[in-house]
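Asks: Here is my input, please return the structure:
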Amino acid sequence: MIAQTLRNMLKALNDVTEKDDTYEMGEAWDVTFNLARQGVGLTINHVLRVTFKGELLLVVETARGTRWVISAEDLQALNQEPSSAERRGGRKTGFA
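Replies: Numbering: from 1, shown residues only. The predicted structure is shown next:
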């Protein structure tokens, strides 16, 4: 149940590709994972890749090369925003 909910959350993000049990984020987006357990929060920024290891473990890889192994039960929310490169060089609103 928890793993399927997380898979659905990842699929709801823009520009995410899925192969087997691995999800890769597109370069145009920065994805942040927000975790919590017993009132203590943890934020993992710039997530590039997520691999499911069984039903309750995730291996999360970031743009800085950091690898986290987290419990799927602790993941509370995903955040997605345009990457800093997209914000600097992207098309301006109202212009073609």
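Asks: Quick check: what element follows the longest helix that the chain contains along the chain?
Replies: Secondary structure of the chain per DSSP state H: the longest helix is helix 2-12. Downstream of helix 2-12, the first helix or strand assigned by DSSP states H and E is strand 16-19.
Asks: Can you list the residue ranges for helices in this protein?
Replies: 2-12, 84-89.
Asks: among those, which is nearest Y23?
Replies: helix 2-12 (4.7 Å; CB to CB). C-betas here are computed from N, CA, C, even on glycine.
Asks: what sits up against that closest one?
Replies: V16, E18, Y23, V50, F52, E55, L56, L58, A72, E73, L75, L78 (CB atoms under 8 Å, 6 or more residues apart in numbering).
Asks: who's in contact with the nearest residue to the fifth one once chain neighbours are set aside?
Replies: The reference is to F52. Leaving aside its sequence neighbours, F52 sits nearest to D21 (CB to CB, 6 or more residues apart in numbering; 4.1 Å). For D21, the contact set (CB under 8 Å, 6+ apart) comprises T51, F52, K53.
Asks: want to try JSON lines for those residues, with pLDDT as columns?
Replies: Output for these, formatted as JSON lines (pLDDT from 0 to 100):
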{"residue": "T51", "pLDDT": "96"}
{"residue": "F52", "pLDDT": "95"}
{"residue": "K53", "pLDDT": "94"}
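Asks: Would you mind checking the residues you listed for buried ones?
Replies: Listed as buried from the contacts of D21 are T51, F52; burial here means 16 or more other CB atoms under 10 Å.
Asks: Reformat the contacts of D21 as CSV; add distance to F33.
Replies: Converted to CSV, the contacts of D21 look like this (distance: CB to CB, whole Å):
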residue, distance to F33
T51, 13
F52, 14
K53, 15
